[in-house]
Each structure stands twice: as structure tokens, then as C-alpha cells.
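**Q** Everything below, folded, please.
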Amino acid sequence: MRNLLAVLSLLLSLGPYLILAQTSDSNTNEEEPSVLDTLFGGIFSDVSGSNSSDDPLPSTQAITDYQSFILSNDFVITDQPQLREYNFEIKTATANPDGFTRQVYTINGHFPAPVIECNTGDTIRVHVKNSLDIPQTIHWHGISQNGTNIMDGVPGITQCPIPPGGSFTYEFPIIEQYGTYWYHSHFANTMADGIAGTFIIHSPGDKLKRGTDYDEERVLLIQDWMWDQSTDIVAALKSPEGYRGSLGAPKGDSILINNIGQTNCSSPNYPEGAECNPPRPAEIPVIVGKKTRFRIINTGAHSMLRVSIDQHEFEVAEVDTDPVFGPTIHEIPIAPAQRYSIIVDANQGKAGDKFWLRANVAAGCMDKVKQEGLAVFRYTNNNEQYDDGDETPDTQPWDDLAAFDSPCRDLDDQYTLTPRDPIDVFTKPLQTHALSSKFGTFLGMQGQNITGFAFNNISFQNQIWDPMLPHVIDSGNYSVDNVATVTFDCDGYVDLILNNLDGGIDHPYHLHGNEFQLIKRGDGSLTVEEAQAMDLSNITNPLRRDTIFIPGNAHAILRIRTDNPGVWALHCHIGWHLAVGKLATMIVRPDDIRTFDQPEDWKGLCAGQDPDEEGPARRSISPSTSPVGHFRSFKEVKNRVISRQGPRDE
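**A** Next up, the predicted model:
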């Protein structure tokens, strides 16, 4: 028993770092199984393509448009709808965001991806061409997709992925939404390789008014960053040596702030023989004497980050997408996928002055090793650039910042956040369901043992070429036990209980297609019967958001209005956890889903594919822009040695 507990303890400790691509065809290589294959029943599958960390670097350099982080005051905020059309091509490029030069994935050569800026009522049309040698999808994070569930961009749930060489057009209206959103890859964990971009929706009805509440707007992207591609980390974990000699993938090698970080060139993990040229810290310009709204997005795959600015307090004014009356504080914790707007007054000096902006890893829910990202918060007259050489700010952090290893807590768990657009809860929920998530070993569809994360004892096994939504459209239900599902068939308000049963692991949970009201938090788990016995009606103006951070051994009750029929994913937004099965679905009003159209180009993404195959999986590049159906054998990636061989032609 003691040995069993030791193994379970090891597995739990690896939970935050493990990467899993779902089961694929068995490996015909007769090598001895790795330790991970033994522990995890061989459920790791190889998702690496020819675009791997040890291949020659692409000859194309990634473009980082630093002006894109400055939102122009010239953008016209109007209630006159228009079509906004984009052409996106997903490709590879070379980038040095933190000192280490590596391959990244880009959209139109840009890293990060281009900014989408629009108004409420506009229609977004994005033509996506996938020029990688692995499939891809794009998810529009926070967009309700009311009436356009097929455009949500989740492979195996709402669509088949876009195959290599293929194309697909996403089109959806922006209905009654405004605020800070983003978009990213939802295939495997390739979001961590660069496919992420800002999505801003303006509205004359926004409770935060430019010219009244603030003068200027900026985007602040923060994330953890790895030197290796996500697919190669999986391959290394499959080897007997593991990744960097360990069975668990570490947290980020650096922290990027607006795509720039500073790596530790003397780190024992730094690839031997690779040049190390850290860039100067990112400059975050603000206009002296003005109030600036910072739209902060954590686009990372793992770390909660705590953001502060030396000598500057700030007002919290937006949570995910909703304007709030929030506290004026010195530091804000932001979990992966969460967004906040803060308003900062540049009243602490003159043009040219500079201060440190800090993004510290909340290590209390990770490995308790301190890690900090830095950027220069610069006063300017009109966003001009300064050349100070290697001179850095001499400012000091606030003396009340959280200790690096203090417990990880969501902002609403520490302060009162009151929506500026009040919506009360007047009615008792018509239905209540619970999703309980935990790490462990679970029974797979083929009778195999799967060790990873699960909801309601079902670890997500992605039928990537046989998605859920078409089944529900055709029959009104889904009967395959590859994903945990709750169904709300009523029209009104319902409650969803999220129980995090992992004692030592905290998770940020994101619900697709729906903004929820946060009704209650609590320690331990909660049953449906216990929730139904509570008086949860007549609650005044609860906080609304789409991504909530729940500590281990805790729960939350989410109130959802079922006015958006569809099949909606709910998952942990730590990419490594999602890849090991931490995804469930919520089916809303299945009878209405049966009326959904099934466009030919959407159905065509699945044409010629094996519906029984679990993904993600690799496919060959096709010269055609139409969906491809032919197969290419998996490429085995064993014991990769990270090196650089110079540029390659594309």
C-alpha cells in the first residue's frame, strides 16, 4: 500500500506538467517501453510533425508588430454593423522572444497573431489556411457563438480539424457582446507554440468610456514560454530519459510580456551549444499625465501570473469581458485564459521616466520555485521610443506583494467585484448538474486504463474525426462514452456545480459559448442534492465571467442562462491538463440543436478520415486547399537532441 501511495503521489505531482496527446495507432517499433508508457498504459500518442525543435530553422523570421499593442483612439466605435473579413495563413517561422532562437507557429507571419478589433453587431469572417503538417483549429475565446455553435473551433467536439494544406472559413456575428477576448489554436497544445491573438470588441454601450474613465488603451499579453515545441516535449516524455531527465515537463523556461522575455543563459536546461541573445525588456509606453486602460490577457499554457507596476496602483475595471467596480490594488493574479482591464494613472513622473512592470509566477500552485518576468513601463509624450542603452529602471516592487509561494487564489476570492451592468438572479434554477474533476486512473473506451485527468470519472478521449455536434444535430443526443457530458434541456436558468477533487492541484476552468454568474464558492465537494437544498435565488448582481480558477478540494456553483443551444466544451485551460483528458461538455437544449444547419464545407473537413481514430494525429501536407482524406504514416520522434542547423527554405 505504501508503494502504491508513493506512485500516486508521484503522478499527482506530475499532474500540472504532463502533456498527453490522445491514443493513436500502436507503435510497431519493438523497443522497450518507457517508464511513462508503463505508468500511463501506453496512452501517449505521437503528434509531432516534421516541424520539430531539432530541424533546421525556417528561413522566415516571425514578425512582432509592437504597435499592435497600442490600440488607436481613431478606431470608430459605432452601432452600425459591418462585415470584417480576414485571411489567415498558419505557418512556421523563426523567433527569438527571450534569448533562445526557436521555431514558432504564426498567422500571416505574425507572432503573436494579428489583432482583431470590431464593434458589437459586426460579422467576423476569417478564411484560415493551414500550411502546417499537422491539423489545426481556431477557437474564439469568450465569443458566445449564439446560433453559430459550429464555429466554436473545438476539434472532436464542434468540428473536424482543418487538415494540413486545407482551408476553412469561420464566420459568426458578434451578438450583444463587448470587451476583451482572444483567439487561439485548440489543436493539441500548439497554442503554446504561438497561435494566439487579441480580439477586442467595442460598443457605444460599454460602461467603460474612453475619454471619461480612461484616455488611452493598451494590450498586455503575458505568458509562460518553452524553448521546445509542445509536440517535441511529448516525444521526449515518451523516451526512457524523459524530458530533461525528468518524467514531468517543467513550467515555462521564461515569462514573455508582449512577446519579449529574458532567459537565463546559464541555466542547466539551456540547450548546449545554442547561442543565447536575450532581447532588451519589452517597453510598455504610456502617455504621461494620462489614464491608460490595459487589457491584460494570460495566453500561457500553465502559470498563473501576478502582475504589478512599481510605484503605480491601479483600478480593476473589467473581468474577462464584463466591466466591474473593482478594487484599487498593487497586484493582480491572472490565471491562464483570464482577462482583466486595469486603469493606470501615469502621474508619478515626467516623460522618459521608467518603472519595472513585473509578472511573477504564482509558484504556490506549481513547483514553488521563484520566476519573474520584467518589462519597462515607460512614460512618453506621444508613445515615442527612448534609447537608454542597457540602463534599466531602479524602482523597487511594492512591499505588500504576495510571496512567490503563497497559495494561488482568484481575484474574486480576495476582493469584491461588482458588475457595472447589473443583472440579478431572480429565479431558482430549473435544473442542476455537477461535474467533478480529478486526477487518477480511469477506464477507457477500449477497456484500457488511462491515467490522467477526468470529469465524472471519464477522461476525454478525443474522437477527432467524429465530433459530437453532428451526432447531436442528427439524433438529439450523444451516447459515446469518450467524454463526460451534462445536458440541460430547459429554457431558463440552470446551475452547474464544478468540484475540483484534486487535493494539491488548482485549475482554471473555461466554459465555451456561455458567460456564467458566479453564485457560490466553497471548500470541499458539493452534491446536486446539497445545492438544491440551498436558497440560491434572489442573489444581487453576482460576478459574471467565462474562466474561473478553483483551488484543489474546492467547488463553485455557476448560474447559466440556457438561451444559447449548442454543444459547449468545459475544460481546464492549463494546456498540459487539457491534453491529458480534462475536458467535459455541456449540451444545451438538444431539441433546438437538431434544427442546426450543417454546411458542406464544415462536413467536408471530416471527409475521408477514420472516425474511430483518437486524436490529435498528424496528416500530410496537401497542395490542395480543399479538405484531404489521405493518410501519411506517423513520424517517430525518439530521444531528440535539441540543436540548431541553420535556416531552411520554405
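
**Q** Strands of the stretch 151-300 of the chain, start to end?
**A** Under the criterion DSSP state E, counting those that start in this stretch, the stretch 151-300 of the chain contains strands at 167-173, 179-185, 196-202, 216-225, 254-257, 283-287, 291-298.

**Q** If you could redo that for the stretch 301-450 of the chain, that was the one I meant.
**A** Under DSSP E, counting those that start in this stretch, the stretch 301-450 of the chain gives strands at 305-309, 314-319, 322-325, 328-329, 331-334, 339-345, 354-361, 372-380, 418-419, 431-443, 449-455.

**Q** which one of the ones you listed has the lowest average pLDDT?
**A** If those are sorted by mean pLDDT, strand 449-455 sits at the bottom with a mean of 87.

**Q** Counting by contacts, list what that strand packs against.
**A** strand 431-443 (3 or more Cβ pairs under 8 Å, 6 or more residues apart in numbering; DSSP states H and E). Where C-beta positions appear, they are placed from N, C-alpha and C, glycine not excepted.

**Q** can you pull the contacts of the spatially closest residue to Asn456 that is not a sequence neighbour?
**A** Nearest non-adjacent residue to Asn456, counting by Cβ to Cβ, 6 or more residues apart in numbering: Ala484, 4.3 Å away. Shown in contact with Ala484 (Cβ atoms under 8 Å, 6 or more residues apart in numbering): Leu435, Ala454, Phe455, Asn456, Asn457, Ile458, Phe460, Ala584, Thr585.

**Q** cutoff 6 Å now
**A** Phe455, Asn456, Ile458, Ala584 (Cβ atoms under 6 Å, 6 or more residues apart in numbering).

**Q** how about those residues in TSV, adding neighbour count?
**A** TSV is the format used below for the contacts of Ala484 (neighbours: other Cβ atoms under 10 Å):
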residue	neighbour count
Phe455	26
Asn456	17
Ile458	20
Ala584	26
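
**Q** mind giving me a markdown table with those residues and columns for distance to Thr64 and secondary structure?
**A** Shown next, in a markdown table, are the contacts of Ala484 (distance: Cβ to Cβ, whole Å; DSSP: H, G, I helix; E, B strand; the rest coil):
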| residue | distance to Thr64 | secondary structure |
| --- | --- | --- |
| Phe455 | 37 | strand |
| Asn456 | 42 | coil |
| Ile458 | 41 | strand |
| Ala584 | 36 | strand |
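
**Q** want to throw these into TSV with distance to Gln385?
**A** Shown next, in TSV, are the contacts of Ala484 (distance: Cβ to Cβ, whole Å):
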residue	distance to Gln385
Phe455	49
Asn456	54
Ile458	53
Ala584	47
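
**Q** for the strands of the stretch 151-300 of the chain, which one sits closest to Asn381?
**A** strand 283-287 (6.8 Å; Cβ to Cβ).

**Q** quick one: the closest one to strand 216-225, angle?
**A** Here strand 283-287 points in a direction 160 degrees away from that of strand 216-225 (axes from the mean of the first three to the mean of the last three Cα atoms, to 10 degrees).

**Q** which residues sit against strand 283-287?
**A** For strand 283-287, contacts defined as Cβ under 6 Å, 6+ apart pick out Glu216, Thr292, Ala346, Leu357, Ala375, Val376, Phe377, Arg378, Thr380, Asn383.
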